[in-house]
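J.: whatever this is, show me its structure:
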Amino acid sequence: MGLFKEFKEFISKGNVVDLAVGVIIGAAFGKIVSSVVEDVIMPPIGLILGGVNFTALKIVMKEASTDPTGKVIEAVTLNYGNFIQTGIDFVIIAAAIFLFVKMFNSMKREEAAAPPPGPTNEEKLLTEIRDLLSKK
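T.: Residues are numbered from 1 along each chain as shown. Next comes the predicted model:
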């Protein structure tokens, strides 16, 4: 039962839950950014470059053929267009995450830089009473 108790303590720590939430949100964020890249950014770039669809770019290393039994042998291709698309996805996702973290850190700095609140009226009164008592 010690292992189960230790696992329960581990899983109930705040850091583990925060990490799980971060991974889930990160995966969803990645899908959103990938969609923006594939569906919004890349079509105009492809149009500007003469109607190029990056995912269709490939070098055929061996043409498709059929063997003597009639079975189709797939073509061997080097799909460099997928690599370009993935690289662009990565750069845009990294930039978006960088901007998000930068914004989050600046909000934390503003929060940390805020001066602590001054003493309450009760604290001021108690300080005056302490000072008067120390003079006696």
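
J.: got a list of contacts for the helix or strand containing Glu122?
T.: According to DSSP states H and E, Glu122 maps onto helix 121-135. Defining contact as CB atoms under 8 Å, 6 or more residues apart in numbering, one finds that helix 121-135 is touched by Pro119. Bear in mind the C-beta positions are built from the backbone N, C-alpha and C, glycine included.

J.: nearest residue to the middle of the chain?
T.: Gly26 (4.3 Å; CA atoms, centre = their mean).

J.: longest helix of the chain?
T.: Among the elements of the chain assigned as helix by DSSP state H, the one spanning the most residues is helix 80-113.

J.: I'd like to know which elements that one is packed against.
T.: For helix 80-113, the elements it packs on are helix 14-35, judged by 3 or more CB pairs under 8 Å, 6 or more residues apart in numbering; DSSP states H and E.

J.: switch to 10 Å and redo it
T.: Packed against helix 80-113, as judged by 3 or more CB pairs under 10 Å, 6 or more residues apart in numbering; DSSP states H and E, are the following elements: helix 14-35, helix 42-48.

J.: between those helices, which one is closest to Ala94.
T.: Across the helices and strands packed on helix 80-113, Ala94 has its closest neighbour in helix 14-35 (9.5 Å, CB to CB).

J.: CA atoms only: put the closest one into CSV for me.
T.: Included here for helix 14-35 are C-alpha records, laid out as CSV according to Å, rounded to 0.1, in the frame of the first residue of the first chain:
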residue,chain,number,x,y,z
GLY,A,14,-0.1,21.1,-7.7
ASN,A,15,2.8,20.9,-10.1
VAL,A,16,1.6,17.6,-11.6
VAL,A,17,-1.9,18.9,-12.2
ASP,A,18,-0.4,22.2,-13.7
LEU,A,19,1.8,20.1,-16.0
ALA,A,20,-1.1,18.0,-17.2
VAL,A,21,-3.2,21.1,-17.9
GLY,A,22,-0.3,22.7,-19.7
VAL,A,23,0.2,19.6,-21.9
ILE,A,24,-3.5,19.5,-22.8
ILE,A,25,-3.7,23.2,-23.6
GLY,A,26,-0.4,23.0,-25.5
ALA,A,27,-1.7,20.2,-27.7
ALA,A,28,-4.9,22.2,-28.4
PHE,A,29,-2.9,25.3,-29.0
GLY,A,30,-0.7,23.4,-31.4
LYS,A,31,-3.7,22.2,-33.4
ILE,A,32,-5.0,25.8,-33.7
VAL,A,33,-1.7,27.2,-34.8
SER,A,34,-1.2,24.3,-37.3
SER,A,35,-4.6,25.1,-38.7
